[in-house]
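S.K.: predicted coordinates and the sequence they were generated for:
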Amino acid sequence: MFKTARYIFTLLLLGTAVFAQAQQDTTLTKEVEVTKAYKPTLSDANKLNSMPTIDETEHQKPTFNYSINSQPVFSTFSVNPLKAAIVETSQNKDNGYGLVRAGLGTTFRPYGEVFFNNQNSKNSLFGIHAMHLSSFDDIELEGGNKVDAPFMKNEVDLFVKHLFRDNVLSVNLDFKHDAFNYYGYPLTAVPDPLLEDDQTINYFDTKQSFAKGGINIGLKNPTAEYDDATIGFDFTYHYFGTKTDQREHYANFVLDVQQPMITGVGLLEGGVLYTQASDIYPQNDSTTGNRSQIIIHAKPAWFIGDETANITLGVNTWFAMVSDEDTEAKISPNVRANWAPVPELISLYAGIDGDYISNYYSKIAYENPFIDPEHDVMNSFQKFRFYGGFDGKFSKKTNFKISAEYAMIDNQPFYYLNESLYLDPAYNPAPSIVDNTFKVLYDNIDRLKLNAEVFHASSDKVDLTASVNYYSYKLDEQKEAWNLPTWDANLNIGYKVNEQLSLSADIFLMGERKALLIASPDPLSSAGPIYHSENLDAAFDLNVKGNYQITNQFSVFAQLNNFGFQKYQRWFGYPVQSFNMLAGISYSF
């Protein structure tokens, strides 16, 4: 069955290439510039981010975003975000070829970054980005131990975009390398057996690293109207490996077709996802092995209406073949209605859809780096998502969005830590030791999410983005939605003091969460496991950044991270670094 699916995948890829070529006109009818071709950002490897962004639609030359973003811990529960309102801006300046930045921070935090993009070709764009950031800090745990918590983050990205006829063909190559320690331990002092040299009880103080290299090839028509005949595709492949010897192959191909009909427009999205992970513990096996999955999806739909009022009627279907799960077919509705009573000022939307969520190896590893590296997580299925809201403008410079959604999800994974007695004659009485890498349990969950966003741009001096989310959960079996917050919020403010000096501040907030610790029973006892619920305090993270332009080419920058001096835990037993700073110099060319 897997061999047959691979053949189907190959035929789809070849067929798309032929079909795409056949769809092209013989003459160039439009000239377009790629909107925001590349926006690399630098992220603190000790933090995660789920901040929504507001899209801008101005046509401009591709530019790099040279800001260093310190990102906070946020919920790993991802949802499909709705796009916020469009912001009208006007930028059309030559940003040069690139930038070189270098800096050094507290806790011996070296940083270097290079950007280069070629903007002079009429039909092609080319860019390179490379970055290094590392830290060699130690952190004090809840139990009083000071432990080494180094991290390293390296990235290399290359993109090429070529315009031919009405289409843009894009090719992106990337390589990422992240390294860190399993430094955490919850609640109490680290037990003596874990402090011994070369201990093999669990992963405490063990080094880990992730390496991922991949390619993305895409074809689309960015100038197409809603009723134009178009075809596009997107293909992604990556190879992922860990220091603990896990390996993953990932390939995903998606085809998009839009075809006007006598009434309305026919839409079709179809594709194939293939992943294979090795040296993991499959769910139904007690020895390490491989996990493969092939997921084929088709999403036909019918669009009727115009840009002011329209409705989309369709279905989403999936056929999943997973080596350690039952083969299954899934279906969900795909209905959405849009209405703009005052075009370009306010629009309303509502819909029902669903999603089959592949929890492939590298996705989970990046979502929670401290999960057991031999993990094998079941796929989830969002049966229904009811959503609606409205977005618009208070003024030309102020946009807003308010939305609500209710999702029903099967097999939602939750992370927990396991505690058990360490039975060794050298230790009497036997100490209880917590495995500091996370295990996974599952439950069906209904989640309500309310969201509000505002974006304001005041001339060239001030811009402000604010977002707040409220969550409510209902579960079948678990007492809490482990590690998920009931609310989170963020505020981003940028202020240009003068032509030389610009300042910005990011404030991230997240409500209290519940973490789970499961204590395994004494092997000589008939009692079952004991569930302990632990509180994780609310998180507050303030980051302040400044940049001073010395000349047209030279500038200096500084950034204060976690300026609120908070020691919140991003994961149970894993506190983040407290206050730290980074400063350096930039040269543009």
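M.R.: Structure received. Numbering: from 1, shown residues only.
S.K.: buried ones in the strand or helix carrying Leu542?
M.R.: In the assignment (DSSP states H and E), Leu542 maps to strand 539-549. For strand 539-549, a neighbour-count test (16 or more other C-beta atoms under 10 Å) marks Ala539, Asp541, Leu542, Asn543, Val544, Lys545, Gly546, Asn547, Gln549 as buried. Just so you know, the C-beta spots here come from the backbone N, C-alpha and C atoms, and that holds for glycine as well.
S.K.: Glu453 against Ser467, yeah?
M.R.: Yes - taking C-beta atoms under 8 Å as the definition, Glu453 is a contact partner of Ser467 at 4.5 Å.
S.K.: mind listing the strands for the stretch 51-200 of the chain?
M.R.: Listed in chain order, the strands of the stretch 51-200 of the chain (DSSP state E, counting those that start in this stretch) span 68-69, 98-105, 109-118, 124-135, 138-140, 146-148, 151-164, 167-181.
S.K.: also the stretch 251-400 of the chain?
M.R.: 265-280, 289-305, 309-322, 328-342, 346-357, 380-395, 398-421.
S.K.: and Gln246, which of those strands is closest to it?
M.R.: strand 265-280 (5.0 Å; C-beta to C-beta).
S.K.: and the average pLDDT for the closest one is what?
M.R.: Mean pLDDT, strand 265-280: 97.
S.K.: ok, it: who's next to it in the sheet?
M.R.: Next to strand 265-280 in the sheet, as set by DSSP bridges, lie strand 247-260 (antiparallel), strand 289-305 (antiparallel).
S.K.: list the buried residues of the longest one.
M.R.: The one in question is strand 289-305. 289, 291-297, 299-301, 303, 305.
S.K.: pick the one among these closest to Lys567.
M.R.: Looking across those and measuring by C-beta to C-beta, the closest to Lys567 is Arg291, at 36.9 Å.
S.K.: I figured the closest one hits Asn284, correct?
M.R.: No - counting by C-beta under 8 Å, Arg291 stays clear of Asn284, with 10.4 Å between them.
S.K.: which of the strands of the stretch 51-200 of the chain sits most buried?
M.R.: strand 68-69 (a mean of 21; mean count of other C-beta atoms under 10 Å).
S.K.: so for that strand, mean pLDDT?
M.R.: pLDDT averaged over strand 68-69 gives 48.
S.K.: do stretch 573-581 as well
M.R.: pLDDT averaged over stretch 573-581 gives 93.
S.K.: who's in contact with it?
M.R.: 46-47, 73, 105-107, 109, 135, 137, 139-142, 149, 183-187, 370, 417, 434, 436, 558-563, 565-570 (C-beta atoms under 8 Å, 6 or more residues apart in numbering).
S.K.: could I get the buried residue list for that stretch?
M.R.: Applying 16+ other C-beta under 10 Å to stretch 573-581 flags Gly573, Tyr574, Pro575, Val576, Gln577, Ser578, Asn580, Met581 as buried.
S.K.: for it, C-alpha coordinates in CSV please.
M.R.: Presented in CSV, the C-alpha positions along stretch 573-581 are these (Å, rounded to 0.1, in the frame of the first residue of the first chain):
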residue,chain,number,x,y,z
GLY,A,573,10.6,22.2,35.5
TYR,A,574,12.2,24.4,32.8
PRO,A,575,12.5,28.0,33.8
VAL,A,576,13.7,30.6,31.2
GLN,A,577,16.7,32.8,31.5
SER,A,578,16.1,35.9,33.6
PHE,A,579,17.3,39.4,32.5
ASN,A,580,19.9,39.4,29.8
MET,A,581,21.1,41.9,27.2
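S.K.: re earlier: export the strands of the stretch 251-400 of the chain to a markdown table and tack on distance to Asp197?
M.R.: Shown next, in a markdown table, are the strands of the stretch 251-400 of the chain (distance: least, C-beta to C-beta, whole Å):
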| stretch | distance to Asp197 |
| --- | --- |
| strand 265-280 | 25 |
| strand 289-305 | 31 |
| strand 309-322 | 41 |
| strand 328-342 | 48 |
| strand 346-357 | 42 |
| strand 380-395 | 41 |
| strand 398-421 | 22 |
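S.K.: tell me which of the ones you listed lies nearest to Asp488.
M.R.: strand 398-421 (14.9 Å).
S.K.: ok, so what distance separates Thr551 from Ser588?
M.R.: 10 Å (C-beta to C-beta, to the nearest Å).
S.K.: one more: Ser332?
M.R.: 49 Å.
S.K.: again, but for Val335
M.R.: 49 Å.
S.K.: who's more crowded, the two?
M.R.: Ser588 (19 against 15; other C-beta atoms under 10 Å).
S.K.: please tell me how far stretch 500-510 is from the chain's geometric centre.
M.R.: Put simply, stretch 500-510 sits 21 Å off its chain's centre (C-alpha atoms, centre = their mean, to the nearest Å).
S.K.: buried by neighbour count: which residues of that stretch qualify?
M.R.: Buried residues in stretch 500-510 (16+ other C-beta under 10 Å): Ser502, Ser504, Ala505, Asp506, Ile507, Phe508, Leu509, Met510.
S.K.: any chance of those residues in a markdown table, with secondary structure too?
M.R.: What follows is those, written out as a markdown table (DSSP: H, G, I helix; E, B strand; the rest coil):
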| residue | secondary structure |
| --- | --- |
| Ser502 | strand |
| Ser504 | strand |
| Ala505 | strand |
| Asp506 | strand |
| Ile507 | strand |
| Phe508 | strand |
| Leu509 | strand |
| Met510 | strand |
